[in-house]
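Engineer: sequence first, predicted model second:
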Amino acid sequence: MAATILAKRGLDVAIIEREVFPRFHIGESLLPASMPLLKEIGFYDVLNSGKYITKCGARFIDYRNEDEVYFGFAEGFNRDIPTAFEVERSEFDTDILQYAVKSGAKLYQPENVIEVDVMANGVRLQTDKRRFEAEYLMDISGRDSLLGKKQKIRDVNADLNNVAVFAHYEGVKRRPGMDEGDITIGLLPNRAWTWIIPFQGKVTSVGVVASAKFLGTPDLESYLNENLLKSETIKSFMKDSIRVNELRSIGNYSHTCRKFFGERYIMCGDAAMFLDPIFSSGVHMTLSSSKFAAETILKAWPTKRSLTDEDLGAPYEAKVRRGAKRFHNLISLFYEGHFVEQMKKTLVRENMRKGFTSAVAGDVWNEDNFLFSKNVL
């Protein structure tokens, strides 16, 4: 996203990527609010080519009584974002990386950054293959948070200390018609939950998220299977399924850096902060913050100003944190434990249904949503 925006504006942009694509990655459910961003850079046509399944909404099921609540994205305040897509990240990430190169960015892959030297008037990077000099550095290194760790400004979000266990399956039951591509979230005991994310074709992503203190077993497959069977609805979906790739787990992933910028660098996406996967906010926060950061650099570019100038880095960070806070409030509401019950009562009121649906769709910078102006979220 960032490289495409900057390259299309004529800047000399290098993407330094450690891994060889395609490669497996988690974070497979996109949000409708990301679609205008992808349309803006011209990538949406690739996404909408038929390769990826359309997502029209999100369904939450309570294991205790199989009660459910559904957010149909077309019912939100912004009628321009009625759908999104479910994506295998190995394909999606390859597609958007190739699009950035096609847009004019130079790609160095695989290449590992060994040392970063941030100066008052530029940056130097040493990789395992060459040396770079640049006016500005964008740290979009994901959970590794290259600069966050180097500067010791990365803090764990203790209230979201969860572990995700997941794999891909074939034969998972799907809903008919337009609902086929919707994400299904199952609410379990002790703040745990499951996800079912269908892809175009036969493969479905399935996972369980739980507090680290309740994980309680080194046998991750048994743990995943046992939790999937706690909901009769989820159990029926998984009845004839077969796991088709290796089981994976990720823990201790929720973090926030104390600052997102310096004189010559700016941090985006998971490198700056990551909250929790429950509302699929990760990719949307990454795409949005990368766009905001690219616009900040474009503003600084004509006279190569420091990003510490008061109209640059600070407004960027404030904007990112504002959207993240709204996601965090939504996440906290979910983890209180009665989300389905609360939402069923709340969504009967049209204005509340539109407000919460818009928030779940990722429209967290929409200042017309009364939930934000009245600090409900």
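Structural biologist: Structure received.
Engineer: any idea how far residue 342 is from the residue lying closest to residue 74 once chain neighbours are set aside?
Structural biologist: In this structure, residue 74 finds its nearest non-sequential neighbour in residue 82, 3.9 Å apart by CB to CB, 6 or more residues apart in numbering. Placement of C-beta: from N, CA and C, glycine included. Note on residue 82: its distance to residue 342, by CB to CB, to the nearest Å, is 24 Å.
Engineer: re earlier: and the gap between the residue nearest to residue 74 and residue 91?
Structural biologist: Taken as CB to CB, the span from residue 82 to residue 91 is 23 Å.
Engineer: also residue 135?
Structural biologist: In terms of CB to CB, residue 135 sits 33 Å off from residue 91.
Engineer: re earlier: report how many residues lie close to the residue nearest to residue 74.
Structural biologist: A count of nearby residues for residue 82, using other CB atoms under 10 Å, gives 17.
Engineer: and for residue 187?
Structural biologist: Applying other CB under 10 Å, I find that residue 187 has 24 neighbouring residues.
Engineer: ok, and the closest non-adjacent residue to it?
Structural biologist: For residue 187, the closest residue by CB to CB, 6+ apart turns out to be residue 62, at 4.9 Å.
Engineer: list the contacts for that neighbour?
Structural biologist: Residues counted as contacts of residue 62 (CB atoms under 8 Å, 6 or more residues apart in numbering) are 68, 187, 339, 340, 341.
Engineer: run through the bridge partners of the first one.
Structural biologist: Right, residue 68. In this entry, residue 68 is beta-bridged to residue 61, by DSSP bridges.
Engineer: number of residues surrounding it?
Structural biologist: Neighbour tally, residue 68, other CB under 10 Å: 17.
Engineer: follow-up on the earlier one: okay, the residue nearest to residue 74 and residue 211: tell me how far apart.
Structural biologist: On the measure of CB to CB, residue 82 and residue 211 end up 34 Å apart.
Engineer: which residues does the most centrally placed residue in the chain contact?
Structural biologist: By CA atoms, centre = their mean, the mean C-alpha position of the chain lies nearest to residue 282, the distance being 1.7 Å. Taking CB under 8 Å, 6+ apart, we find residue 282 in contact with 27, 269, 270, 274, 275.
Engineer: show me where the stretch 51-200 of the chain has helices.
Structural biologist: Secondary structure of the stretch 51-200 of the chain (DSSP state H, counting those that start in this stretch): helices at 89-102, 146-150.
Engineer: which one of those is the most hemmed in?
Structural biologist: Most buried of those, by mean neighbour count (mean count of other CB atoms under 10 Å): helix 146-150, with a mean of 19.
Engineer: that one - what's its average pLDDT?
Structural biologist: Mean pLDDT, helix 146-150: 94.
Engineer: CA atoms only for it, dumped as PDB, please.
Structural biologist: Presented in PDB, the C-alpha positions along helix 146-150 are these (Å, rounded to 0.1, in the frame of the first residue of the first chain):
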ATOM      1  CA  LEU A 146      12.300  -3.900  13.800                       C
ATOM      2  CA  LEU A 147      12.600  -0.300  15.200                       C
ATOM      3  CA  GLY A 148      10.300  -1.000  18.100                       C
ATOM      4  CA  LYS A 149      12.600  -3.700  19.500                       C
ATOM      5  CA  LYS A 150      15.800  -1.800  18.500                       C
END
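Engineer: just the pLDDT for the residue lying closest to residue 365 once chain neighbours are set aside.
Structural biologist: Closest residue to residue 365 apart from its sequence neighbours, by CB to CB, 6+ apart: residue 323 at 5.3 Å. Model confidence at residue 323, given as pLDDT, is 97.
Engineer: which residues touch the helix or strand hosting residue 206?
Structural biologist: Assigning secondary structure by DSSP states H and E places residue 206 in strand 203-211. The set of residues external to strand 203-211 that reach it, using CB under 8 Å, 6+ apart, is 26, 28, 86, 88, 161-170, 172, 174, 188, 190-199, 223-224, 227-228, 238, 241, 244, 276-278.
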